[in-house]
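Trainee: attaching a predicted model along with its sequence, questions to come.
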Amino acid sequence: EEAEADTLEDNPDVGNEDKDHEVPAGEAEKNSAGKTDRNIFQQEKKLVQIKINPDYLEMPLGQEDLVRALGIYNDNSHEDLTRLSEWMASDEKIASVYKGKINSLSPGEAKITAGFQGKISLPLILKVGDATLISIIVSPRDSSMSMGDKLNLVAEGYFTDSTHKDITALVSWKTADPSI
């Protein structure tokens, strides 16, 4: 009696044992040692989106602030791209930005974006206001006087844009001891 032989028409795997074959989606292939070969399912990690945090910022003239760029990848992983990104300001007269550090240069509004690997973030909206008062120095600082003498005090205001000016007429004056 003749044994039946498998032919290509009867069994498509005959003669194709050494060729690569497709593994159905969701199944892992076993290698010759019987272990799962996970490399089959690894996708190339690709940057999907860049988010700037925060996405809105108000600051006074002369102040600086730090923002972050967060990369979101196709495998749902995240990476801090702040120092790797190319930063851009829509109006470089309003603000400058380098590695996430924003410097306010004049009052107004600008959009800040971060770019990396061909992706550009949605813009951070930056509003730069007027310089704000950060400190007051009263002079003379130490003084002594006799009863009935008058002493003229001067208040110097220092602002976020590194300017200072006499604000003596603008401040309210009080003494810690009203009997003086």
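Mentor: Looks like it arrived, so ask away.

Trainee: poorly predicted segments of this structure, please.
Mentor: 1-42, 180 (pLDDT under 70).

Trainee: repeat that for 90
Mentor: Counting by pLDDT under 90, the chain contains low-confidence ranges at 1-45, 140-153, 162, 173-180.

Trainee: go through this protein and flag its longest strand.
Mentor: strand 108-116 (DSSP state E).

Trainee: show me what residue 58 is bridged to.
Mentor: Bridge pairing for residue 58 (DSSP bridges) gives the partners residue 127.

Trainee: cool, and residue 156?
Mentor: Counting by DSSP bridges, residue 156 is bridged to residue 137, residue 166.

Trainee: okay, now the sheet partners of the following helix or strand past the longest strand of the chain, with direction.
Mentor: Moving toward the C-terminus from strand 108-116, the next helix or strand (DSSP states H and E) is strand 119-120. Paired neighbours of strand 119-120 in the sheet (DSSP bridges): strand 108-116 (antiparallel).

Trainee: now the partner strand: buried residues?
Mentor: For strand 108-116, burial by neighbour count (16 or more other CB atoms under 10 Å) applies to 110, 112, 113, 114, 116. Quick note: C-beta positions are derived from backbone N, CA and C, even for glycine.

Trainee: so the fourth one sits right up against residue 53, yeah?
Mentor: Yep, that's residue 114 we're talking about. No. Assessed by CB atoms under 8 Å, residue 114 is found out of contact with residue 53, at 10.5 Å.

Trainee: which ones are touching the residue positioned nearest the centre of the chain?
Mentor: The centroid of the chain falls nearest to residue 68 when counting by CA atoms, centre = their mean (1.4 Å). Residues in contact with residue 68 (CB atoms under 8 Å, 6 or more residues apart in numbering) are 52, 53, 80, 82, 100.

Trainee: what about the third one, distance to residue 96?
Mentor: It stands for residue 80. 21 Å (CB to CB, to the nearest Å).

Trainee: the two: which is more packed in?
Mentor: The residue with more neighbours, out of residue 80 and residue 96, is residue 96; 16 against 12, by other CB atoms under 10 Å.

Trainee: the more buried one falls within a strand, correct?
Mentor: Yes. Counting by DSSP: H, G, I helix; E, B strand; the rest coil, residue 96 is located in a strand.
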